[in-house]
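Peer 1: My questions are about this predicted structure, shown below with the sequence.
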Amino acid sequence: MDVLLDNLPLFYEGFLGTIALFLISAVGSLVFGGVLAAMRVSPVPFLRGAGTTYVNIARNTPLTLELFFFAFAWNRIAIISFSFFALACIGLIVYTSAFVCEVLRSGVNTVPVGQAEASRALGFTFGLTLTAVVLPQALRAVVPPLISVEIALLKNTTIAAGFSVIESGRIIPSLSERGYSSLVGGLWVALGFVILVIPLTLLQHRLEKRWRVAR
């Protein structure tokens, strides 16, 4: 307990940074991933090709390499500069949105084709068909894998510690510098992540149960 009580400000600041990184990146990845999914299922060949290219590149590039690019190269080549925290959020969004896209696309594929054809016969545009008919049904099928992707995002935030972003990944090195046990500090950090993940898991089970009944 001494490791925790003697370093409460460090733990508080670290996990506050983790939560902020996660919330911003989660919202951004869901929005951008939804746009990518719409591109992947679009009837326009160029949009499908652009979406497929992006997903293949982002998903198969290590997250560390993407964060390295945004942390050390972006401000050198871009017109607009950002803080390390903002760049870490962008890197996490760029990486995670590719996985969100594939989860949503798999959900779209579970919706019977006849429903999309019927909506088009009624005069619905592609965008209206996707948002009003297909996606509401697809979301019910993708809740478990989608929340799993966001849980992975929560744990991936620790990589940002190597790029001057204050979050939970920097707690253990800081404790080591102060002479405290890294093992004990790591156990407290692990417990903190368990506490953060539990609400997401409960939400996953609740939505899955509710929407299973709705179907």
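Peer 2: Yes, it's here.

Peer 1: So what's the residue count around the nearest residue to Trp188 once chain neighbours are set aside?
Peer 2: Nearest non-adjacent residue to Trp188, counting by C-beta to C-beta, 6 or more residues apart in numbering: Leu4, 5.3 Å away. All C-beta atoms are positioned from the backbone trio N, CA, C, and that covers glycine. By the measure other C-beta atoms under 10 Å, the count of residues near Leu4 is 16.

Peer 1: From here on, call the first residue 99.
Peer 2: All set: I'll call the first residue 99, so the last point we hit is now Leu102.

Peer 1: measure Leu102 to Phe113 for me?
Peer 2: 12 Å (C-beta to C-beta, to the nearest Å).

Peer 1: Please identify which helix or strand holds the residue nearest to Trp286.
Peer 2: Using DSSP states H and E, Leu102 sits within helix 100-104.

Peer 1: what does His303 give?
Peer 2: Per DSSP H and E: helix 280-312 holds His303.

Peer 1: mean confidence for that helix?
Peer 2: Mean pLDDT, computed over helix 280-312, is 76.

Peer 1: Which elements pack onto that helix?
Peer 2: With contacts taken as 3 or more C-beta pairs under 8 Å, 6 or more residues apart in numbering; DSSP states H and E, helix 280-312 sits against helix 100-104, helix 106-138, helix 233-254, helix 269-275.

Peer 1: how about 6 Å then?
Peer 2: Packing contacts for helix 280-312, counted by 3 or more C-beta pairs under 6 Å, 6 or more residues apart in numbering; DSSP states H and E, involve helix 100-104, helix 233-254, helix 269-275.

Peer 1: starting at the chain centroid, how far to it?
Peer 2: Offset of helix 280-312 from its chain centre (C-alpha atoms, centre = their mean, to the nearest Å): 15 Å.

Peer 1: and that helix with helix 233-254, angle?
Peer 2: 170 degrees (axes from the mean of the first three to the mean of the last three C-alpha atoms, to 10 degrees).

Peer 1: May I see the buried residues of helix 280-312?
Peer 2: Ser280, Gly283, Trp286, Val287, Gly290, Phe291, Leu294, Leu298, Gln302, Leu305 (16 or more other C-beta atoms under 10 Å).
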